[in-house]
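1. Need coordinates for the below:
(one chain, ligands or ions: 4)
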Amino acid sequence: MTLLIKNGEIITADQRYKADLLVEGETIAQIGENLSAPDGAEVIDASGKYVFPGFIDPHVHVHLPFMGTFAKDTHATASQAALIGGTTTYIEMLAPAGNEDLMDAWHLWSGMAEGHSACDYSFHLGVTAWNDATEGYLRELVAGGMTSFKVFLAYKGAFGIEDAALFRTLTLAKELGVVVTAHCENAELVAQLQARLLAEGKTGPEWHEPSRPEQVEAEGTAHFATFLEMTGAEGYVVHLSNAKALKAALDARARGVNIHIESVIPHFLLDKTFAERPGVEGAKHVMSPPLRDRSNQAALWAALDRGEIDTVATDHCPFDVEQKRMGDGNFTRIPNGIPAIEDRVNLLYTYGVSRGGLTLHRFVDAASTRTAKIFGLYPKKGEIAVGSDADLVIYDPAYRGKISAATSHVNNDYSGFEGFDIDGRPSVVTVRGQVAVRDGGFVGDPARGQLLRRTPHGGHG
Ligand code: URP
Ligand code: ZN
Ligand code: ZN
Ligand code: ZN
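-> Ligands and ions are numbered 1, 2, ... in the order given. Have a look, this model is predicted:
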């Protein structure tokens, strides 16, 4: 299998140049001017297009038992939607309930992906509780290449971790050199505020945000940072949504805490008025942390621009309209989550680069390169260089379109971004040298995806 990509403009986190790319087998074999096509090579003309390294989404939910139901995607639907949108690798999280065996969860989650994903994938190890078996399992799975943990400070009585278990998890992570990702909201405050609002008869989706206000996330972020400081572990705050939480994370970083920051595409573009729409229209936009007051968006974009926010992910989590109706009359029962796996790259390109002044380099860095570095995938992923995997996105900045559930490939019946314009889309996407997408359609091997074994990171990428 040989591919020659001609006349494109190669964009990486720190370089921009016109060159041809020769792909042999699964990797990039040569980069140069006027390369000639070996016999039998497919030649792709990338004139007028950008060539980006495949994008990486480090925060997606595919199999997720949550609030008495399951997120809708399978690895077949999620991976093909991801690829159509330019994402060539994702990291899912094992989410055992507190009393479930971590090794059972590993077999369940990895079994669901194996042979069913069109793109490469890996897993964060969800640590929801600590018992006699936990440490041994974590050591074994880390040795097998799953070099990141995931903890929830939120979701009391479900995924939420107690402080004693958090301390042990971080102490082990420090020893093993793995990064710990964390959902940072104070679980007790959420539970108390939910109960108070419901007692006052405040039951609609517009009360989801007031039940977990910005301060509750800032407290969770500061709490996590303090635990990182006491253990010396490397942390990664997921889906940071507002300026107060951002300040908590940056204050910690300023005093030397090793903390990375992720924000997700819904928080850059959607505000709490979406969740204030009546009934199920509001419920479609319920996620945690909640969509915030619009004033936070400028703070997030500015921090992304400066590189203070390291990465942009999705927190892709599709529940359909019927599932969202489980919360009719009680907002605490609305399954949390918004699907975005197909749309992240196009939205970040459109509202960041095309309309917002984000540089192409920071765009690539936040959605691919820095993510690869933090999670032990670099330079196999996240880079355009000889020897790197040929996961490539040939991007057409002249394309104009709109996001709609009607044209989406995610297994869901609504889009949180219905009607949003996009100023570009991938025209060709490759997975380790094989063409997977052409002009919005999946044309690849539905079982090409491989489980990625990662290396411990241990330091700022
Ligand atoms: O609302 C969200 N984010 N749902 C998925 C679970 C999580 O918190 O990441
Ligand atoms: Zn979360
Ligand atoms: Zn999540
Ligand atoms: Zn790093």
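2. Provide the secondary structure category for whichever residue of the stretch 151-300 of the chain sits closest to ligand 1.
-> Per CB to the nearest ligand atom, M287 is where the stretch 151-300 of the chain lies closest to ligand 1, at 3.4 Å. The way it works is simple: take the backbone N, C-alpha and C, and place the C-beta from them, glycine included. Three-state call for M287 (DSSP: H, G, I helix; E, B strand; the rest coil): coil.
3. tally of neighbours for it?
-> M287 is flanked by 25 other residues according to other CB atoms under 10 Å.
4. Against F319, how distant is it?
-> 10 Å (CB to CB, to the nearest Å).
5. and if you look at T407?
-> 20 Å.
6. where do the contact lists of M287 and F319 overlap?
-> By CB atoms under 8 Å, 6 or more residues apart in numbering, M287 and F319 have these common neighbours: G337.
7. show me where pLDDT drops low in the chain?
-> Filtered on pLDDT under 70, the chain yields the residue ranges 457-461.
8. Give me the domain ranges for it.
-> Here the domain parsing of the chain from automatic domain parsing is 2-52+391-442, 54-374.
9. and stretch 115-132, how far out from the chain's middle?
-> What separates the centre of stretch 115-132 from the centre of its chain is 14 Å, taken as CA atoms, centre = their mean, to the nearest Å.
10. between T407 and F319, which one's more packed in?
-> The neighbour comparison of T407 against F319 (other CB under 10 Å) goes to F319, with 31 against 12.
11. For that one, give me its contacts.
-> Residues in contact with F319 (CB under 8 Å, 6+ apart) are 69, 71-72, 335, 337, 412.
12. what does this structure have sitting close to ligand 1?
-> Neighbours of ligand 1 within the chain, by CB under 6 Å from any ligand atom: 61, 183, 287-288, 315, 317, 336-337.
13. Any chance of the residues you listed in a markdown table with distance to ligand 4 as columns?
-> Converted to a markdown table, the residues of the chain next to ligand 1 look like this (distance: CB to the ion, whole Å):
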| residue | distance to ligand 4 |
| --- | --- |
| H61 | 24 |
| H183 | 19 |
| M287 | 26 |
| S288 | 25 |
| D315 | 20 |
| C317 | 25 |
| N336 | 28 |
| G337 | 27 |
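14. Just the buried subset of the residues you listed, written out for ChimeraX, thanks.
-> In ChimeraX, a selection of the buried entries from the residues of the chain next to ligand 1 looks like this (16 or more other CB atoms under 10 Å):
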select :61,183,287,288,315,317,336,337
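15. Among the residues of the chain next to ligand 1, which one lies nearest to A367?
-> For the residues of the chain next to ligand 1, the residue nearest A367 by CB to CB is D315; the value is 14.0 Å.
16. So that closest one sits against S263, correct?
-> No: the pair D315 / S263 is not scored as a contact, 9.7 Å apart, by CB atoms under 8 Å.
17. before we move on, back to that, which ones among the residues of the chain next to ligand 1 map onto strands?
-> Per DSSP state E, strands hold the following members of the residues of the chain next to ligand 1: H183.
18. If you drop the residues flanking it in sequence, what lies closest to A447?
-> Computed as CB to CB, 6 or more residues apart in numbering, the closest residue to A447 that is not its neighbour in sequence is G115, at 5.2 Å.
19. Assign the one you found to helix, strand or coil.
-> Counting by three-state DSSP, the backbone at G115 sits in coil.
20. That one: how many residues sit nearby?
-> Counted with other CB under 10 Å, G115 comes out at 11.
21. That one touches D445, doesn't it?
-> No: contact criterion CB under 8 Å: G115 and D445 do not qualify, at 11.1 Å.
22. List the contacts of I341.
-> 57, 60, 73, 78, 81-82, 85, 87, 90, 314, 316, 410.
23. mind checking the SS state of it?
-> Recorded secondary structure, I341: coil (three-state DSSP).
24. Not counting sequence-adjacent ones, nearest residue to it?
-> The shortest distance from I341 to any non-neighbouring residue, by CB to CB, 6+ apart, is to H316 (3.9 Å).
25. for the one you found, which residues make a bridge with it?
-> V60, I338 (DSSP bridges).
26. Thought P339 was touching it, still the case?
-> Yes: look at H316 against P339 with CB under 8 Å: they come within range, at 5.6 Å.
27. if I look at these two, which residues touch both of them?
-> 73, 410.
28. quick one on the thing from earlier: arrange the residues of the chain next to ligand 1 in JSON lines, one row each, with distance to E383 as further columns.
-> Converted to JSON lines, the residues of the chain next to ligand 1 look like this (distance: CB to CB, whole Å):
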{"residue": "H61", "distance to E383": "27"}
{"residue": "H183", "distance to E383": "29"}
{"residue": "M287", "distance to E383": "31"}
{"residue": "S288", "distance to E383": "33"}
{"residue": "D315", "distance to E383": "25"}
{"residue": "C317", "distance to E383": "29"}
{"residue": "N336", "distance to E383": "34"}
{"residue": "G337", "distance to E383": "31"}
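29. which ones are touching H63?
-> H63 sits next to 70-71, 92, 108-109, 112 when contact means CB under 8 Å, 6+ apart.
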